[in-house]
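Novice: Sequence first, predicted coordinates after that:
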There are 2 protein chains.
Amino acid sequence: MKDLDATLSALADPTRRHVVDLLRTGPRRAGELAASAETSAPAMSRHLRVLRATGLVEAAGVDDDARLRVYRLRREPFVALQAWLDQVEAFWGEQLGAFKAHAERRSTRKARAR
Amino acid sequence: MKDLDATLSALADPTRRHVVDLLRTGPRRAGELAASAETSAPAMSRHLRVLRATGLVEAAGVDDDARLRVYRLRREPFVALQAWLDQVEAFWGEQLGAFKAHAERRSTRKARAR
DNA sequence: CAGATAGTTAACGTAGTAGTAAATAGTTAT
DNA sequence: ATAACTATTTACTACTACGTTAACTATCTG
């Protein structure tokens, strides 16, 4: 579970979480991310390095301009985190029998999202 | 989303995550947690303070011996984190149409856990 | 080629966090 | 009351992480 370590500390930073939230709406360039997060380019570059290292995002080149790279989310780390969280939350399912209701709520939310 | 900050940094520490994993099997005393995590009592005490501050665990007294307190998991922060993760993962649902399959997998896992 | 643009890296200072050992507080037992 | 037990708090130290400024790389444009 060493990966969870990296994933969670990466996500513990508000700026990096902001990046994730923003990338949720589509791929962005480093500059756009820095502007939106109201931080300097070097600072954002470091954050992106962390996010890349933990596999939370990946970078891809752009055809027109080789200076530009766009970042987008990678799914794997989120799935791993989700899996761990599911295990933890199973606790209340076993103990209180409220797990079913919880699952129901999740399904509803999902249906809405579809 | 300031709470997520505290929750995620609390969970980013492997010792604290070990505590959570252990509490998943039932309430434990500080000493038991320290022993299981192979760390000193003072160190564990600090970790527990963090976990308490973020609401991930709560302490309750024991009837027989007033020296003892048992720690157990609190649900709220996990639900909040789950909610944020759901939002993030909705990304792939919208983009790839794989959300339904994901929900399916989750339901299966839940059925098994029941 | 010279200059501008996008982004990353380097060096530095600062602040937060984890660990240890020693001291403290509250409770139980002889 | 004295001693033992459980747990926490208090210095104190070491390490890590973040931000900023400046320098550097690579690419595009006039």
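Specialist: Sure, I can see it.
Novice: So for stretch A:29-39, mean pLDDT?
Specialist: The average pLDDT within stretch A:29-39 is 96.
Novice: got the buried residues for that stretch?
Specialist: For stretch A:29-39, the buried set under the neighbour-count rule, 16 or more other C-beta atoms under 10 Å in any protein chain shown, comprises A:29-30, A:33-34, A:37, A:39. C-betas here are computed from N, CA, C, even on glycine.
Novice: And those, which two are furthest apart?
Specialist: A:29 and A:39 (14.5 Å; C-beta to C-beta).
Novice: what is residue A:71 paired to in the beta sheet?
Specialist: Beta bridges link residue A:71 to residue A:28, residue A:59, judged by DSSP bridges.
Novice: how about it, what does it touch?
Specialist: By C-beta atoms under 8 Å, 6 or more residues apart in numbering or on different chains, the contact set of residue A:71 is A:19, A:23, A:27-30, A:33, A:48, A:51, A:57-60.
Novice: and stretch A:57-66, C-alpha only, in PDB?
Specialist: Below are the C-alpha coordinates for stretch A:57-66, written out as PDB (Å, rounded to 0.1, in the frame of the first residue of the first chain):
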ATOM      1  CA  VAL A  57      -2.000  13.000 -14.200                       C
ATOM      2  CA  GLU A  58      -0.100  12.500 -17.400                       C
ATOM      3  CA  ALA A  59       1.200  15.000 -19.900                       C
ATOM      4  CA  ALA A  60       0.700  14.900 -23.700                       C
ATOM      5  CA  GLY A  61       2.300  17.000 -26.400                       C
ATOM      6  CA  VAL A  62       0.300  19.300 -28.700                       C
ATOM      7  CA  ASP A  63       0.600  19.100 -32.400                       C
ATOM      8  CA  ASP A  64       0.800  22.800 -33.400                       C
ATOM      9  CA  ASP A  65       3.200  24.000 -30.800                       C
ATOM     10  CA  ALA A  66       5.900  21.700 -29.400                       C
END
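Novice: relative to helix B:76-96, how tilted is the lengthiest helix in chain A?
Specialist: Taking DSSP state H as the criterion, chain A has its longest helix at helix A:76-96. Helix A:76-96 runs at 130 degrees relative to helix B:76-96, counting by axes from the mean of the first three to the mean of the last three C-alpha atoms, to 10 degrees.
Novice: For DNA strand D, see how far away the residue nearest the centre of chain A is.
Specialist: Centrality entry for chain A: nearest residue to the mean C-alpha point is residue A:20, 4.8 Å, by C-alpha atoms, centre = their mean. Separation of residue A:20 from DNA strand D (C-beta to the nearest atom of the strand, to the nearest Å): 14 Å.
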